[in-house]
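Participant: Here is my input; please provide its structure:
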Amino acid sequence: MIFRKGELFNGPGGLALGAKNAGFIHPETGEEWKIQHVWSNDYDSNACKTYGYNICGDENDESVHIGPVENLPIGNKDVIGDIDCFAFGFPCNDYSQVGEKKGLNGTFGPLYSYGIKVLRLYQPKFFIAENVGGLQSANEGQAFVKILSELEEVGYKLTPHLYRFEEYGVPQARHRIIIVGIRNDLAKEGIEFKVPAPTTLASTEYKTSRQAILEPPIPEDAPNHEMPRHTKKVQEMLSYIPAGENAWYLGIPEELRLNVKGARLSSIYKRLDPNRPAYTVTGSGGGGTHMYHWSENRALTNRERARLQTFPDDFMFFGSKEAIRKQIGMAVPPEGAKIVFNAVLKTFAGIEYDSIPPIEKLQLENLRGTKKESVKELVTSL
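Facilitator: Numbers count the residues shown, from 1 in each chain. Below is the predicted model:
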């Protein structure tokens, strides 16, 4: 069974690589179950080259449509082919906990509606949508309710859940909302998606940043592994910061401390703790936000960040250092995505797998009809 996949906001291909690597041979029928790329879209030309090279085998593959989603001829199956499944990590800028949190009122907030358009015109058998945990509280909870409602209205039974990826073998504390939708007619026939159970529950067994970066060592000729450059002052300041601490560590000499007034972000010049999963890899930010090695006085290389995001070493990113950093930070960890896609495939194949109940207060029926004051309480219970 092959599911043909379309994708919006494809980024460098975190979701796509997870889908590509998912699949299995059915133990009873011997049939191969997998997901096959058909088309995708993103406005970022560098991300599209990365996606094309690694997912399609050609950085200029014509199935990867570069440009604003508004210009994509959604529904024109002669231009972009028919699909059985759909993925979209709609832009998170306006839902992130870092920033102005404009939600639906921002530039990027309303772009999820193009995913709704794909679902309405193609009616794929299932979809997977991903966004940051901050989606739950945007616009006092109303953004999340609106998005869930519209997804349901186009004909899908929804299973939204907040995935803590460190519980699924990802060496990073990355928490993301993933919504899995099964088309209503298939859901009525008994196709019921269940949230895959975490592979690791004990925090002492989480994969650490040291394991991710050093086991095995990154080959010297690995792509995107150029060492960063720092001023002597930054290097000297870093030398006083222990593993797991940041620029506000009291042991830093006065003359080396940052002259910052107001809010002090905890991620500024923060070193990794080698014995724990990394803090969240981000794709933007100025000086001091590039993630820092636990013992070497430097920021991480893009390849090290990619390892924290579970991209393999032969996954090549295109663009400048900052363009690549952005792609890595905005991506879905492929190994986390693979677990979700495999669970969906097993759902359709009738194969049992370990699962857990979704967070009950995330269920749409519990959100509908609630007062504005209580919606925020419900969706922030994630």
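
Participant: got the contact list for residue 35?
Facilitator: With contact taken as CB atoms under 8 Å, 6 or more residues apart in numbering, residue 35 is in contact with 2, 3, 5, 19, 20, 22, 23, 85, 341, 345. For glycine as for every other residue, the C-beta is placed from the backbone atoms N, C-alpha and C.

Participant: secondary structure element for it?
Facilitator: Following DSSP states H and E, one finds residue 35 within strand 32-42.

Participant: okay, the residue lying closest to residue 170 once chain neighbours are set aside: pLDDT?
Facilitator: By the measure of CB to CB, 6 or more residues apart in numbering, the closest residue to residue 170 outside its immediate chain neighbours is residue 333, 4.7 Å from it. In this prediction, residue 333 carries a pLDDT score of 97.

Participant: Low-confidence ranges, this protein, go.
Facilitator: When residues are selected by pLDDT under 70, those of the chain lie in 91-109, 132-141, 262-263, 359-382.

Participant: how far away is the residue sitting nearest the centre point of it from residue 269?
Facilitator: Among the residues of the chain, the one closest to the centroid is residue 332, at 2.4 Å (CA atoms, centre = their mean). Distance of residue 332 to residue 269, computed by CB to CB, to the nearest Å: 27 Å.

Participant: again with residue 224
Facilitator: Residue 224 sits at a distance of 22 Å from residue 269 (criterion: CB to CB).

Participant: tell me the contacts of residue 186?
Facilitator: By CB under 8 Å, 6+ apart, residue 186 lies in contact with 125, 126.

Participant: now residue 334
Facilitator: By CB under 8 Å, 6+ apart, residue 334 lies in contact with 13, 14, 15, 17, 18, 21, 309, 310, 311.

Participant: please redo it, this time with the cut-off set to 10 Å
Facilitator: 12-22, 54, 170, 306, 309-312, 315, 341 (CB atoms under 10 Å, 6 or more residues apart in numbering).

Participant: What of residue 61?
Facilitator: Residues near residue 61 by CB under 10 Å, 6+ apart: 37, 39, 40, 48, 49, 51, 52, 53, 55.

Participant: give me the element it is part of.
Facilitator: Under the criterion of DSSP H and E, residue 61 resides outside all helices and strands.

Participant: do residue 233 as well
Facilitator: Using DSSP H and E, residue 233 falls within helix 232-239.

Participant: do residue 121 as well
Facilitator: Assessed by DSSP H and E, residue 121 sits inside helix 112-122.

Participant: Report the buried residues of that helix.
Facilitator: Going by neighbour count (16 or more other CB atoms under 10 Å), the buried part of helix 112-122 is 112, 114, 115, 116, 117, 118, 119, 122.

Participant: Export these to JSON lines and append columns for distance to residue 291.
Facilitator: Formatted as JSON lines, those follow (distance: CB to CB, whole Å):
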{"residue": "112", "distance to residue 291": "28"}
{"residue": "114", "distance to residue 291": "32"}
{"residue": "115", "distance to residue 291": "30"}
{"residue": "116", "distance to residue 291": "35"}
{"residue": "117", "distance to residue 291": "36"}
{"residue": "118", "distance to residue 291": "34"}
{"residue": "119", "distance to residue 291": "36"}
{"residue": "122", "distance to residue 291": "38"}
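
Participant: Show me which of the residues you listed is closest to residue 190.
Facilitator: Proximity of these to residue 190, judged by CB to CB, is greatest for residue 119, which lies at 21.2 Å.

Participant: OK, contacts around that closest one?
Facilitator: Going by CB under 10 Å, 6+ apart, residue 119 touches 86, 88, 127, 129, 150, 151, 153, 154, 155, 156, 181, 183.

Participant: quick one: it and residue 11, what's the gap?
Facilitator: For residue 119, the distance to residue 11 equals 20 Å [CB to CB].

Participant: One more: residue 186?
Facilitator: Distance, residue 186 to residue 11, by CB to CB: 28 Å.

Participant: so where do the strands sit in the stretch 51-200 of the chain?
Facilitator: 64-66, 85-88, 126-132, 156-164, 175-183, 195-196 (DSSP state E, counting those that start in this stretch).
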